[in-house]
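**Q** Here is my input; please provide its structure:
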Amino acid sequence: MISRPVLFAVALTLAAPAVLAQQQSKPPQESLPSSYIQHQQQLQRQSASIAKAVRLGNEQALRNALTNRTKLQAKLAEAWLGMGLSPQAAKTVADAYDADLAMQMHHTSLRGKSDHEVAALLQSAVASKRYMVADQLLIDYQRQS
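**A** Prediction:
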């Protein structure tokens, strides 16, 4: 049987390194120089300011993206109107465009295709209600021309 004083000494010996390490990693606030504390407070204020600026910047970027998407969809609708679609159909096809999804999808190569072949691809995409594919084909065709 282990006596209480021996058990206490063993427990103290095992716990001492952990307590010492904890004390060394967190120096007491009053032992820090005031310049260090002021510097830390300044860094915290700067971090908060930067975080706010990033948040506002992201909000502005989102507003810009929505504005650009609206403008692009309006231009697509105009192009579809010019190709003979009704105003409602042109808007429906144009509103399906999503630039993020378009970047991830397969783009049909238009290289070497005649205007008639491209028109057939566009008609097929619209007829099968693959509007985003049709939009991307139209964008790719206009970029190529």
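**Q** Please count neighbours and contacts with C-alpha atoms only from this point.
**A** OK.
**Q** Low-confidence regions, this protein specifically.
**A** Scanning the chain with the threshold set as pLDDT under 70 gives 1-32, 39, 49.
**Q** how about the helices of it, start to end?
**A** Using DSSP state H, the helices of the chain run over residues 4-25, 34-82, 87-95, 99-104, 115-127, 131-144.
**Q** Including mean neighbour count, could those go into CSV?
**A** Putting the helices of the chain into CSV (neighbours: other CA atoms under 10 Å) gives the following:
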stretch, mean neighbour count
helix 4-25, 11
helix 34-82, 13
helix 87-95, 18
helix 99-104, 11
helix 115-127, 15
helix 131-144, 18
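**Q** Contacts for stretch 114-123 next, please.
**A** Stretch 114-123 is contacted by residues 110, 134, 137-138, 141 when judged by CA atoms under 8 Å, 6 or more residues apart in numbering.
**Q** Swap in 6 Å and give it another go.
**A** Ala134 (CA atoms under 6 Å, 6 or more residues apart in numbering).
**Q** Put the alpha carbons of it into CSV.
**A** What follows is stretch 114-123 as a C-alpha-only set of coordinates in CSV (Å, rounded to 0.1, in the frame of the first residue of the first chain):
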residue,chain,number,x,y,z
SER,A,114,-19.3,27.3,-91.0
ASP,A,115,-22.0,29.8,-90.0
HIS,A,116,-24.6,27.3,-91.0
GLU,A,117,-23.1,24.6,-88.8
VAL,A,118,-22.9,27.0,-85.8
ALA,A,119,-26.5,28.0,-86.4
ALA,A,120,-27.6,24.4,-86.5
LEU,A,121,-25.8,23.8,-83.1
LEU,A,122,-27.5,26.8,-81.6
GLN,A,123,-30.9,25.7,-82.9
